[in-house]
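1. Just the structure for this:
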Amino acid sequence: MDYFEYIKRKYDYLNNEDITILVDSAKEILFNLLYPCGASIDFDEFAVPKQHKTWVLRAVIEMIERAGISSATAYRENGLDFTFDRSQLSYGLVSEITPRVGSI
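-> Numbers count the residues shown, from 1 in each chain. Got it, this is the predicted structure:
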């Protein structure tokens, strides 16, 4: 899946560097969720598993949508409310990932 092209079309105001940072951040979050004890795993060689390709895209979209609100935990003004259950990504999205821990 070409995350870069999709995000560029959907959010045309983002520059290439911003998109790259967002995609890399989403991949890093996925990596840390999948391998919480993976100190010996090289992130540079990490390939997103097929079943999580759309998860990365949804994570990027959620990060972009929250960015304008600074990941609010609570905000209210003129009848407009923002409350997020956790910073950066929602619990719902994070809970979709099951950690994989093992030993050699």
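2. Sketch out the low-pLDDT regions of this protein for me.
-> Counting by pLDDT under 70, the chain contains low-confidence ranges at 1, 38-39, 67-78, 80-88, 90, 92, 98-104.
3. those strands in this structure, which residues are they?
-> Under the criterion DSSP state E, strands of the chain are mapped to 75-77, 80-82.
4. longest helix of the chain?
-> Criterion DSSP state H: the longest helix present in the chain is helix 16-34.
5. tally of neighbours for Lys10?
-> Using other Cβ atoms under 10 Å, Lys10 has 12 neighbouring residues. Backbone N, C-alpha and C define where each C-beta goes, glycine included.
6. Now it. Nearest residue, chain neighbours left out?
-> Ile61 (7.5 Å; Cβ to Cβ, 6 or more residues apart in numbering).
7. how far away is the one you found from Leu22?
-> 9 Å (Cβ to Cβ, to the nearest Å).
8. Can you check which residues contact both of these two?
-> Common contact partners of Ile61 and Leu22 (Cβ atoms under 8 Å, 6 or more residues apart in numbering): Ile7.
9. quick one: which of these two has more around it?
-> Per other Cβ under 10 Å, whichever of Ile61 and Leu22 has more neighbours is Leu22, with 22 against 17.
10. Excluding residues flanking it in the chain, which one is nearest the more buried one?
-> Spatial nearest neighbour of Leu22, excluding adjacent residues (Cβ to Cβ, 6+ apart): Val60 at 4.9 Å.
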